[in-house]
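Novice: turn this into a structure:
(one chain, ligands or ions: 1)
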Amino acid sequence: MKPCVAQTIYDSFSLENKVAIVTGAGNGIGKATAKMLAGFGAKVVACDIEEESLAETVAEIMTDGFTAMAIPCDITNRDQVISLVERTKTVYGTVHILVNNGATMGGGKPVNEVNEKEFDRLIDINLKGVYQFIYAVLPLMRNQRYGKIISVSSVAAIAGDMTDIHYAAAKGGVISMSKTLAKELAQEKINVNVVAPGLINTRMMHEWEIEPALERFHRIGEPEDVAATICFLASDASGYFSGQVLSPNGGEYML
Ligand SMILES: NC(=O)c1ccc[n+]([C@@H]2O[C@H](COP(=O)([O-])OP(=O)(O)OC[C@H]3O[C@@H](n4cnc5c(N)ncnc54)[C@H](O)[C@@H]3O)[C@@H](O)[C@H]2O)c1
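Specialist: Residues are numbered from 1 along each chain as shown. Prediction:
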C-alpha cells in the first residue's frame, strides 16, 4: 500500500476534535467504550445513573491524559437528558457521536414471572432511553450535517433467548428504530448503526449461560471487543455504513 493511502485510512479512524456522549459509561462495555473513544482523540461526556463508578471512569480517562467529563443522568428522564446535552454544548460546543449503551438486565425470568411494572421499567430504560438521547442530540447533528449514532442491542434481539421477553423486545426495538432512523437521516449525513454483542465479560453476563458461546469460540468476549466495534462505527472509516447491525459474538450467532 502506498504510504499516503495508508495514512488516509489511518486518519479516517481518528476521533480528534470529535465530541462523544456515552451512556452507561460507569461499567462494562460503556466504560471500555468511553476510554477507547477518548484514546482515539474524542472529548467524552460520560453518563451513568451510578455516580461513583462514573467518576472512576472519568478519572481513569483523565489519568491517561485524555479528555472527559462526567454527567450523572438517568436516561429515562427527558429533563436530565436534555440538560446533559445542553451542558455538553456549553462545554464542548456540540455532539458528533452518541453511543446509546446504558441498559438494565431482565433478571432471567420466564414470561409469567415478568410483571407489568418490570416490563414497563425495562422498556423505559433499554428502549425509550435510547429514543430520549436521539431526540435530544438530533437538532445539533442536523444543524452541522454530521453525526454518528451507535446503539447497543444484543444477540438476544436477533436469535431470541430462553427468558426475558422484555429484554429481547427492547433490544429488537433498538434495531428497528435505528434502521428507520438511518433511512430518515441518510440525506443529512447522519449514520445510525447498531452493535449487537454476544456474551461479553461484564457483570451483566452472569445472567446468561456461557456454554453456547464457548462451544462456538475459544473465549468469551471482552468489553474492549465491543468498544472497538463502536469506535469503528464512530469514525469516518465506517462512513458508508448506516442502518447496519454489527455483532461481535465470536461466531455464536451469524447474521
Ligand atoms: N454483557 C453482555 O453479555 C451483553 C450482551 C449483549 C448486549 N449487552 C448490552 O451491552 C450494554 C452494556 O452492558 P454491560 O454488559 O456493560 O452491563 P453493565 O451493567 O456493566 O453496564 C450497564 C450500565 O448502564 C447503566 N444504567 C442502567 N440503567 C441506567 C439508567 N436508567 N440511566 C443511566 N445509566 C443506566 C448502569 O449503571 C451500568 O453502568 C447494554 O446495552 C447491554 O444490554 C451486554
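Novice: run the chain-centre distance for stretch 156-173.
Specialist: Offset of stretch 156-173 from its chain centre (CA atoms, centre = their mean, to the nearest Å): 17 Å.
Novice: ditto for stretch 76-96
Specialist: Stretch 76-96 sits 17 Å away from the centroid of its parent chain (CA atoms, centre = their mean).
Novice: show the contacting residues for the residue nearest to residue 31 when sequence neighbours are not counted.
Specialist: Leaving out its chain neighbours, the residue that sits closest to residue 31 by CB to CB, 6 or more residues apart in numbering is residue 57, at 4.8 Å. C-betas here are computed from N, CA, C, even on glycine. Residues near residue 57 by CB atoms under 8 Å, 6 or more residues apart in numbering: 25, 26, 30, 31, 34, 35, 46, 48, 68, 70.
Novice: from those, pick the one nearest residue 130.
Specialist: residue 30 (13.1 Å; CB to CB).
Novice: what's the neighbour count on the closest one?
Specialist: Counted by other CB atoms under 10 Å, the residues lying close to residue 30 total 30.
Novice: dihedrals phi and psi, it?
Specialist: phi -60, psi -40 (degrees, to the nearest 10).
Novice: who's in contact with it?
Specialist: Here residue 30 is in contact with 22, 23, 24, 46, 48, 57, 99, 101, 102 (CB under 8 Å, 6+ apart).
Novice: what strand or helix carries the fourth one?
Specialist: Taking DSSP states H and E as the definition, one finds residue 46 inside strand 43-48.
Novice: and that strand, how far out from the chain's middle?
Specialist: On CA atoms, centre = their mean, the centre of strand 43-48 falls 12 Å from that of its chain.
Novice: tell me which residue in this protein sits closest to the ligand.
Specialist: residue 28 (2.2 Å; CB to the nearest ligand atom).
Novice: report pLDDT for that residue.
Specialist: Per-residue confidence at residue 28 stands at 98 (pLDDT).
Novice: surely it touches residue 223?
Specialist: Yes - Residue 28 is in contact with residue 223 according to CB atoms under 8 Å; the separation is 5.3 Å.
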